[in-house]
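Q: okay, here's the prediction I keep looking at, along with the sequence it came from:
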Amino acid sequence: MHQSTTRVSKLPTEERGLPADDGEKVLEDELTYPDGGLHAWLVVVGSWCAMVCAFGIWNSVGVLQAWLATHQLAEYSEGNISWIFSVFSFLFFFCGVQIGPLFDRYGLKPLVLPGSVGFVASLMLFSVSKKYYQFMLSFGVLGGISGSFIFTPAIACINQWFNTHRGLAIGVATTGGGIGGVVFPLVVRSLIYKVGFGWTMRIVGFICLLTLILAVLCMKTRFPENKKRNGTIDLSAFKDRRFLATAAAAFMLEWALQIPQIYFTSFALYKGVDETLAYQLTAVLNGASVFGRWLPGYFADRVGRYNMMIVTIGMCGVFVLSLWIGADDVDGQNLELMIAYLVVFGFASGTGISLTPVCVSQITDIREYGTRYGTMFSFASVGTLTGVPIAGAIMRSQNGQYDGLIVYCGLCYVVAMIFFVFARGFSAGWKIRIVF
């Protein structure tokens, strides 16, 4: 079995928040990572199952928004409806400020089990909702909080099993979100006119229940819980300029990341695309992102995680500001240009989910990963909360046109790339050939 080594601080065992009698064992375990083998890859399988559910739904919110905007919530504006899904995304990431440290302190199961129950319950309650506040409470609030209890531990546990191949492992796990983002829109579109909205969402809930049971059975941690770790945000992390620049890049990514997910179905309908096909375009985007999650992760372990992020995030900005805005400039629909944009952008944007956690782990002591990861995404979640409504406000100010929204999205990706460049420079220097 291949094992990799990593540097561990030589602090006394008690100062590192570890039981004194386990000190030597923990130090030995942390000096070697399995980086493969049955147990390690079963953890990846479990994380993949968790991602199918949690991130699969997160990737499908555009279909749900388009449906609510033309049916149950037709009297509300797109901007108002988008708040339901913005709150979901905000809580999905913001709750990591508590869940990350709780993972360090208590481990995996005490978080994932209640999170799984809550997430399935949110979908069942969402299926019977009729009023705006019911959709907000069931999906936006309960779904967002519960999803964070699944997502954060699912990512954190992989870091305890992989080091050299960490980018590949997390990339493979996060393809589950892309698969879910393909499956769920197709399930919704194929069933919703046959069995209705309520039963369609219940079927989605049962699929999530199955994947979460498998996730709980497969995922596990390697290191003992850090009982001295408290459940608070680690503001001292922002004194590290590498972490500060990475967090700023993550913020800009979250400002932009869900805009294509949420608005492209509506954009396609606005451009005159057939309703059935318009709902399937989200599946095209998520299908392309499957390859964009694991393949760049594979190469990132060889050419550098930050290097790969800079390239792919820069590509996202270019594709938004060329292909998507080009499709908007055409009178009527240009389906070929739309699909070309979805494929190349979907591929490039996959690293925004799969490699950001790996970048954080590269500049973090693994025993404090949950805390720092939660701290970063609690900051970035403000971008998640505000990005989509800002895009909606821009669209309303232009009387429903999309060009301003598209430019805003593209510029967010460009600024995110610049912050990743600074983070890389602060960490490893400014020479282009450096692998980092």
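A: Great, that's in hand.

Q: for G205, which non-adjacent residue is spatially closest?
A: Excluding the flanking residues, the one nearest G205 by C-beta to C-beta, 6 or more residues apart in numbering is L123, at 3.7 Å. Backbone N, C-alpha and C define where each C-beta goes, glycine included.

Q: what pLDDT is listed against that neighbour?
A: pLDDT for L123: 96.

Q: point me to the helix or strand that includes the residue nearest in space to the middle of the chain.
A: Geometric centre of the chain, nearest residue: I353, 4.4 Å, by C-alpha atoms, centre = their mean. Taking DSSP states H and E as the criterion, I353 maps to helix 351-354.

Q: need the residues that contact that helix.
A: 55, 167, 170-171, 173-175, 177, 253, 257, 289, 292-294, 296-297, 300, 308-309, 312-313, 316 (C-beta atoms under 8 Å, 6 or more residues apart in numbering).

Q: residues in contact with Q362?
A: Contacts of Q362 (C-beta under 8 Å, 6+ apart): 305-306, 427, 436.

Q: just the buried residues from these, in PyMOL please.
A: Buried members of these can be picked out in PyMOL with the line below, counting by 16 or more other C-beta atoms under 10 Å:
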select buried, resi 305+306+427+436
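
Q: now the contacts of Q362 in CSV, with pLDDT, distance to K220 and secondary structure?
A: Conversion of the contacts of Q362 to CSV gives the following (pLDDT from 0 to 100; distance: C-beta to C-beta, whole Å; DSSP: H, G, I helix; E, B strand; the rest coil):
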residue, pLDDT, distance to K220, secondary structure
R305, 88, 25, helix
Y306, 93, 29, helix
S427, 89, 31, helix
F436, 87, 30, coil
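
Q: for the contacts of Q362, work out which two are farthest apart.
A: Pairwise distances among the contacts of Q362 were taken by C-beta to C-beta; the largest, 10.3 Å, belongs to R305 and S427.

Q: backbone phi and psi for Y33, please?
A: Note on Y33: backbone dihedrals following degrees, to the nearest 10 are phi -110, psi 140.

Q: and if you look at S378?
A: Torsion angles, degrees, to the nearest 10, at S378: phi -70, psi -30.

Q: relative to F92, how far out is it?
A: Look at S378 and F92: by C-beta to C-beta, to the nearest Å, they are 11 Å apart.

Q: of the two, who's got more company?
A: More neighbours surround F92 than the other of S378 and F92, with 27 against 22 (other C-beta atoms under 10 Å).

Q: which of the helices or strands spans the more buried one?
A: helix 78-94.

Q: tell me the buried residues in that helix?
A: Applying 16+ other C-beta under 10 Å to helix 78-94 flags 78-79, 81-94 as buried.

Q: give the other helices and strands that it contacts.
A: Identification of packing neighbours for helix 78-94 by 3 or more C-beta pairs under 8 Å, 6 or more residues apart in numbering; DSSP states H and E yields helix 38-58, helix 61-70, helix 132-135, helix 144-159, helix 241-270, helix 369-397.

Q: which residues sit against that helix?
A: 54, 58, 61, 64-65, 68-69, 73, 132, 135-136, 139-141, 143-145, 147-148, 151, 254, 258, 262-263, 266, 377-378, 380-382, 384-389, 392-393, 395-396.

Q: quick one: average pLDDT of that helix?
A: On average, helix 78-94 scores 85.

Q: now swap in stretch 360-368 and tell me
A: Rounded mean pLDDT across stretch 360-368 is 79.

Q: spatially nearest residue to Q398 (excluding sequence neighbours)?
A: Closest residue to Q398 apart from its sequence neighbours, by C-beta to C-beta, 6+ apart: G404 at 5.0 Å.

Q: my guess is L269 meets A278, correct?
A: Yes. Counting by C-beta atoms under 8 Å, A278 is a contact partner of L269 at 5.0 Å.

Q: find residues that contact each of the two.
A: In contact with both L269 and A278: A66, using C-beta under 8 Å, 6+ apart.

Q: neighbour count winner among these two?
A: It is A278, of L269 and A278, that has more neighbours when counted by other C-beta under 10 Å, with 24 against 19.

Q: contacting residues for that one?
A: A278 makes contact with 66, 265, 268-269, according to C-beta under 8 Å, 6+ apart.

Q: can you rerun that using 7 Å?
A: A278 is in contact with 265, 268-269, counting by C-beta atoms under 7 Å, 6 or more residues apart in numbering.

Q: pLDDT value on it, please?
A: 83.

Q: now the longest helix anywhere in the chain: mean pLDDT?
A: Counting by DSSP state H, the longest helix found in the chain is helix 166-218. Helix 166-218 comes out with an average pLDDT of 90.

Q: what's around E75, how many residues?
A: Using other C-beta under 10 Å, E75 has 8 other residues around it.

Q: when you give positions from now on, start the count at 19
A: Got it, the first residue is 19 from now on, which makes the last one we talked about E93.

Q: wait, a helix at it?
A: No. E93: not assigned to a helix; according to DSSP: H, G, I helix; E, B strand; the rest coil it is coil.

Q: and it, backbone torsions?
A: phi -80, psi -10.

Q: quick one: residues contacting it.
A: Applying C-beta under 7 Å, 6+ apart to E93 gives no contacts.

Q: go with 10 Å
A: With contact set as C-beta atoms under 10 Å, 6 or more residues apart in numbering, E93 has these partners: 87, 150.

Q: on that earlier part again, surely the residue nearest to Q416 meets A409?
A: Yes. If you go by C-beta atoms under 10 Å, G422 and A409 touch, sitting 8.6 Å apart.

Q: so between those two, which is more surrounded?
A: A409 (28 against 15).

Q: make CSV from the helices and strands packed on helix 96-112 and add distance to L429 to it.
A: Listed next are those as CSV, based on distance: least, C-beta to C-beta, whole Å:
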stretch, distance to L429
helix 56-76, 23
helix 79-88, 21
helix 150-153, 31
helix 162-177, 27
helix 259-288, 8
helix 387-415, 12
